[in-house]
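Q: Model the structure of this input:
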Amino acid sequence: MNIIELIIDENEELSGIDAVSVVERPAIEEDFIALKDANQDLILLKKVDDEKRLLIGAGLIPDKPIFRKNGEQEFYIFFSKDTVRKASQMFFQKGNQNKATLEHQDNYLNGMTIVESWIVEDPEKDKSNFYGLNYPVGTWVISMKVENDEVWEKVKNHEIKGFSIEGFFSDKLQRPQDKQKEELSEEQKKELELLKQIKDVVKNA
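A: This is a model prediction of the structure:
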């Protein structure tokens, strides 16, 4: 099975993240948390004084193998720390912070804006810890303001649970797993082994 690193092609105008989708099953397998009015019966993380309607979670986690299937072809993709940082910067440089979709549908949603984002530099001291999140170095964390009532109802009903990026990237590597595995970090190897075990369990169920 191939492991493919996706990169930004600076010579390609469309390269980078075009939009962020809110989805039930995020590809990076990381849910966001919701901040909202303390008087409403939602997922309380901490008490707030006003209705914030903020979603906070990971947009991209570097070096995390993400399983993909295209027809009969199965493979993993991942993004390096440099690509995650560059993609997050280009996202705002292109003014895409108001571009959001639901489950990767074609139309953009109204009332959805990324109001804050940052790259995790120190997991122990990162702002995300305040919200009970724990991400590795290089993670792109997103805070999205939700003024769309339909989307917020789905958040309350646990119908959407995380972010998933939309964009255009180029392949840097496409080599057999046994050849490339030697170059993976221990964390990546553990991720791949866990994904393989989960896949085997699902297949045999």
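Q: The most centrally placed residue in the chain and Leu6: what is the separation?
A: For the chain, the residue nearest the mean C-alpha position is Gly59 (3.1 Å; CA atoms, centre = their mean). Distance, Gly59 to Leu6, by CB to CB, to the nearest Å: 14 Å. For every residue, glycine as well, the C-beta is placed using N, CA and C.
Q: phi, psi of the residue nearest to the centre of the chain?
A: Per-residue torsions, Gly59: phi -90, psi -40 (degrees, to the nearest 10).
Q: so it makes contact with Trp140?
A: Yes. Under the criterion of CB atoms under 8 Å, Gly59 makes contact with Trp140 at 4.4 Å.
Q: where exactly do the helices run in the chain?
A: 81-93, 149-156, 177-180, 186-204 (DSSP state H).
Q: Least confident of those, on average?
A: Comparing mean pLDDT across those, the weakest is helix 177-180, with a mean of 45.
Q: all strands in the chain, in order from the N-terminus.
A: 2-7, 16-23, 33-35, 54-60, 66-70, 73-78, 100-102, 112-119, 140-146, 162-168, 170-171, 175-176 (DSSP state E).
Q: Could you pull out the residues contacting both of Gly59 and Trp140?
A: Counting by CB atoms under 8 Å, 6 or more residues apart in numbering, the common neighbours of Gly59 and Trp140 are 88, 117.
Q: how many neighbours does His104 have?
A: His104 sits with 12 neighbouring residues when counted by other CB atoms under 10 Å.
Q: what's the distance between Ile61 and Ala87?
A: Ile61 is 12 Å from Ala87, by CB to CB.
Q: what sits in contact with each of those two?
A: Here Ile61 and Ala87 share the contacting residues Trp140, scored by CB under 8 Å, 6+ apart.
Q: how much space between the nearest residue to Ser170 once chain neighbours are set aside and Ile165?
A: Leaving aside its sequence neighbours, Ser170 sits nearest to Asp9 (CB to CB, 6 or more residues apart in numbering; 4.3 Å). Relative to Ile165, Asp9 is positioned 16 Å away (CB to CB).
Q: Name the residue in the two with the higher neighbour count.
A: Regarding Asp9 and Ile165, a neighbour count based on other CB under 10 Å identifies Ile165 as having more, with 23 against 14.
Q: ok, now which ones touch the nearest residue to that one once chain neighbours are set aside?
A: Leaving aside its sequence neighbours, Ile165 sits nearest to Ile17 (CB to CB, 6+ apart; 5.0 Å). Contacts for Ile17 were tallied using CB under 8 Å, 6+ apart; they are 59, 87-88, 90-91, 96, 165-167.
Q: Quick check: beta-bridge partners of Ile17?
A: On the basis of DSSP bridges, Ile17 is bridged to Gly167.
Q: separation between it and Trp140?
A: 9 Å.
Q: What of Leu102?
A: For Leu102, the distance to Trp140 - CB to CB - is 20 Å.
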